[in-house]
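Student: Sequence first, predicted model second:
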Amino acid sequence: MVFEIDLAFIARQAQQRADDYEAFRYYVELDARSDRELDQLVEQIAAPIIDAIDCTQCGNCCRHLDVYLTPEDAQRLATGLNCSYADVQDRYINHPQAEQEGEWGMFHAKPCAFLNGNLCTVYAHRPESCRAYPEFTPDFRWQLGHILGGVGSCPIIYHVIELLQRELKW
(Lines give C-alpha, C1' and ligand atoms only; values in the text may rest on other atoms or scores of the structure.)
Protein backbone atom coordinates (compact mmCIF):
# COMPACT_ATOMS: atom_id res chain seq x y z
CA MET A 1 0.00 0.00 0.00
CA VAL A 2 1.26 3.49 -0.87
CA PHE A 3 0.69 6.31 1.60
CA GLU A 4 0.64 10.03 0.84
CA ILE A 5 3.67 11.76 2.35
CA ASP A 6 3.29 15.25 0.86
CA LEU A 7 3.55 17.39 3.99
CA ALA A 8 1.67 20.35 2.51
CA PHE A 9 -1.24 18.09 1.54
CA ILE A 10 -1.33 16.44 4.96
CA ALA A 11 -1.20 19.81 6.74
CA ARG A 12 -4.09 21.14 4.60
CA GLN A 13 -6.20 18.04 5.17
CA ALA A 14 -5.59 18.15 8.91
CA GLN A 15 -6.47 21.82 9.09
CA GLN A 16 -9.68 21.29 7.12
CA ARG A 17 -10.64 18.33 9.31
CA ALA A 18 -9.62 19.76 12.69
CA ASP A 19 -13.20 19.79 14.01
CA ASP A 20 -13.74 16.23 12.78
CA TYR A 21 -10.61 15.06 14.57
CA GLU A 22 -11.75 16.67 17.80
CA ALA A 23 -15.16 14.99 17.51
CA PHE A 24 -13.40 11.71 16.74
CA ARG A 25 -11.40 12.06 19.96
CA TYR A 26 -14.63 12.16 21.96
CA TYR A 27 -16.01 9.24 19.96
CA VAL A 28 -12.93 7.15 20.82
CA GLU A 29 -13.19 8.08 24.49
CA LEU A 30 -16.72 6.65 24.53
CA ASP A 31 -16.01 3.61 22.35
CA ALA A 32 -17.07 0.36 24.03
CA ARG A 33 -13.81 -1.47 23.33
CA SER A 34 -11.47 -2.03 26.22
CA ASP A 35 -8.27 -0.01 26.25
CA ARG A 36 -6.36 -3.21 25.45
CA GLU A 37 -8.58 -4.03 22.45
CA LEU A 38 -8.27 -0.49 21.13
CA ASP A 39 -4.49 -0.51 21.57
CA GLN A 40 -4.29 -3.81 19.66
CA LEU A 41 -6.40 -2.39 16.82
CA VAL A 42 -4.25 0.75 16.63
CA GLU A 43 -1.05 -1.32 16.60
CA GLN A 44 -2.47 -3.50 13.82
CA ILE A 45 -3.32 -0.42 11.76
CA ALA A 46 -0.05 1.40 12.53
CA ALA A 47 2.41 -1.43 11.80
CA PRO A 48 2.16 -1.42 7.97
CA ILE A 49 2.11 2.38 7.88
CA ILE A 50 5.25 2.63 10.01
CA ASP A 51 6.90 0.02 7.77
CA ALA A 52 5.92 1.88 4.58
CA ILE A 53 6.91 5.42 5.54
CA ASP A 54 10.60 6.25 5.87
CA CYS A 55 10.94 8.93 8.53
CA THR A 56 14.37 9.89 7.22
CA GLN A 57 12.64 11.22 4.11
CA CYS A 58 10.60 13.60 6.25
CA GLY A 59 12.15 14.80 9.51
CA ASN A 60 9.15 17.08 10.07
CA CYS A 61 8.82 16.07 13.72
CA CYS A 62 12.38 17.34 14.26
CA ARG A 63 11.36 20.71 12.87
CA HIS A 64 8.20 21.27 14.89
CA LEU A 65 7.98 19.23 18.08
CA ASP A 66 9.32 19.93 21.52
CA VAL A 67 11.84 17.32 22.60
CA TYR A 68 11.92 16.48 26.27
CA LEU A 69 15.05 14.98 27.75
CA THR A 70 15.67 12.73 30.69
CA PRO A 71 18.99 12.70 32.52
CA GLU A 72 19.72 9.42 30.69
CA ASP A 73 19.07 11.14 27.34
CA ALA A 74 21.50 13.92 28.22
CA GLN A 75 24.16 11.39 29.18
CA ARG A 76 23.64 9.45 25.93
CA LEU A 77 23.92 12.72 23.96
CA ALA A 78 27.08 13.68 25.83
CA THR A 79 28.60 10.34 24.87
CA GLY A 80 27.54 10.73 21.24
CA LEU A 81 28.76 14.31 21.03
CA ASN A 82 31.98 13.52 22.88
CA CYS A 83 31.34 16.28 25.39
CA SER A 84 30.46 16.49 29.05
CA TYR A 85 27.04 16.04 30.59
CA ALA A 86 27.27 19.65 31.81
CA ASP A 87 27.95 20.83 28.24
CA VAL A 88 24.76 19.12 27.03
CA GLN A 89 22.81 20.77 29.82
CA ASP A 90 24.28 24.20 29.11
CA ARG A 91 24.10 24.13 25.31
CA TYR A 92 20.94 22.19 24.54
CA ILE A 93 18.47 22.49 27.39
CA ASN A 94 16.10 25.41 27.78
CA HIS A 95 15.93 25.39 31.58
CA PRO A 96 13.29 28.15 32.04
CA GLN A 97 10.89 26.49 29.60
CA ALA A 98 11.55 23.05 31.06
CA GLU A 99 10.78 24.38 34.53
CA GLN A 100 7.60 26.04 33.28
CA GLU A 101 6.51 22.79 31.58
CA GLY A 102 7.40 20.71 34.62
CA GLU A 103 9.87 18.62 32.63
CA TRP A 104 13.50 17.84 33.38
CA GLY A 105 14.89 19.15 30.14
CA MET A 106 13.90 20.46 26.77
CA PHE A 107 15.93 21.25 23.69
CA HIS A 108 16.51 24.93 23.05
CA ALA A 109 15.47 25.41 19.48
CA LYS A 110 13.29 24.31 16.64
CA PRO A 111 14.30 22.82 14.37
CA CYS A 112 16.34 20.43 16.43
CA ALA A 113 19.99 21.40 16.61
CA PHE A 114 20.91 17.91 15.48
CA LEU A 115 18.81 17.89 12.31
CA ASN A 116 20.76 18.07 9.05
CA GLY A 117 18.37 18.08 6.10
CA ASN A 118 16.00 15.28 7.08
CA LEU A 119 18.55 13.28 9.03
CA CYS A 120 19.47 13.19 12.70
CA THR A 121 23.18 13.67 13.21
CA VAL A 122 23.04 11.93 16.61
CA TYR A 123 20.63 9.17 15.59
CA ALA A 124 22.32 6.41 17.62
CA HIS A 125 22.33 8.70 20.68
CA ARG A 126 18.97 10.44 20.22
CA PRO A 127 16.59 11.01 23.16
CA GLU A 128 14.03 8.37 24.08
CA SER A 129 11.14 10.63 23.05
CA CYS A 130 12.62 10.76 19.55
CA ARG A 131 13.14 7.00 19.47
CA ALA A 132 9.50 6.36 20.36
CA TYR A 133 7.87 8.94 18.08
CA PRO A 134 5.19 8.57 16.92
CA GLU A 135 3.98 6.51 19.85
CA PHE A 136 0.38 5.35 19.78
CA THR A 137 0.25 2.78 22.56
CA PRO A 138 -0.09 1.95 25.35
CA ASP A 139 -3.18 3.90 26.28
CA PHE A 140 -4.08 5.19 22.83
CA ARG A 141 -7.50 6.37 24.02
CA TRP A 142 -5.97 8.60 26.67
CA GLN A 143 -3.09 9.85 24.50
CA LEU A 144 -5.29 10.68 21.53
CA GLY A 145 -5.53 14.41 22.28
CA HIS A 146 -1.74 14.63 22.22
CA ILE A 147 -1.46 12.35 19.17
CA LEU A 148 -3.89 14.52 17.21
CA GLY A 149 -1.52 17.45 17.77
CA GLY A 150 0.78 15.77 15.24
CA VAL A 151 -1.81 14.71 12.68
CA GLY A 152 -0.99 17.64 10.38
CA SER A 153 2.76 17.27 10.58
CA CYS A 154 3.42 13.52 10.65
CA PRO A 155 2.37 11.31 7.74
CA ILE A 156 2.33 8.25 9.98
CA ILE A 157 -0.04 9.82 12.49
CA TYR A 158 -2.22 11.18 9.70
CA HIS A 159 -2.67 7.78 8.06
CA VAL A 160 -3.18 5.89 11.32
CA ILE A 161 -5.96 8.28 12.32
CA GLU A 162 -7.56 8.18 8.86
CA LEU A 163 -7.54 4.37 8.74
CA LEU A 164 -8.70 4.07 12.34
CA GLN A 165 -11.68 6.30 11.58
CA ARG A 166 -12.64 3.97 8.72
CA GLU A 167 -12.11 0.87 10.83
CA LEU A 168 -14.30 2.26 13.61
CA LYS A 169 -16.86 3.27 10.98
CA TRP A 170 -16.85 6.80 12.29
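Tutor: Yes, it's here.
Student: Any idea which helix or strand in the protein has the lowest mean pLDDT?
Tutor: strand 105-106 (a mean of 72; mean pLDDT, DSSP states H and E).
Student: Check which helices and strands that strand sits against.
Tutor: When contacts are defined as 3 or more Cβ pairs under 8 Å, 6 or more residues apart in numbering; DSSP states H and E, strand 105-106 packs onto strand 68-69, helix 71-81, helix 95-101. (Glycine included, C-beta is placed from N, CA and C.)
Student: which strands and helices sit next to the helix or strand just after that strand?
Tutor: Next helix or strand after strand 105-106 toward the C-terminus (DSSP states H and E): strand 115-116. If you count contacts as 3+ Cβ pairs under 8 Å, 6+ apart, strand 115-116 packs onto no helix or strand.
Student: does the residue nearest to Glu135 when sequence neighbours are not counted count as helix, strand or coil?
Tutor: In space, and not counting its chain neighbours, Glu135 is closest to Gln143: 7.6 Å by Cβ to Cβ, 6 or more residues apart in numbering. Look at Gln143: counting by DSSP: H, G, I helix; E, B strand; the rest coil, its state is helix.
Student: gap between Gln143 and Gly149?
Tutor: 10 Å (Cβ to Cβ, to the nearest Å).
Student: Might one say that Ala11 is in contact with Ser153?
Tutor: Yes. Between Ala11 and Ser153 there is a contact at 6.8 Å, judged by Cβ atoms under 8 Å.
Student: Which one's more surrounded, the two?
Tutor: Neighbour comparison, Ala11 and Ser153: the larger count goes to Ser153, with 18 against 15 (by other Cβ atoms under 10 Å).
Student: most packed of the helices and strands packed on strand 105-106?
Tutor: Comparing those by mean neighbour count (mean count of other Cβ atoms under 10 Å), strand 68-69 comes out on top with a mean of 21.
Student: who touches that strand?
Tutor: With Cβ atoms under 8 Å, 6 or more residues apart in numbering as the test, strand 68-69 has contacts from 77, 92-93, 98, 101, 103-107, 127, 129.
Student: Then stretch 132-143?
Tutor: The contact list for stretch 132-143, computed with Cβ under 8 Å, 6+ apart, reads 28-29, 31, 35, 38-39, 42-43, 46, 61, 65, 147, 150, 154, 156-157, 160.
Student: at 7 Å instead, please
Tutor: The contact list for stretch 132-143 (Cβ atoms under 7 Å, 6 or more residues apart in numbering) reads 28-29, 35, 38-39, 42-43, 46, 61, 147, 150, 154, 156-157, 160.
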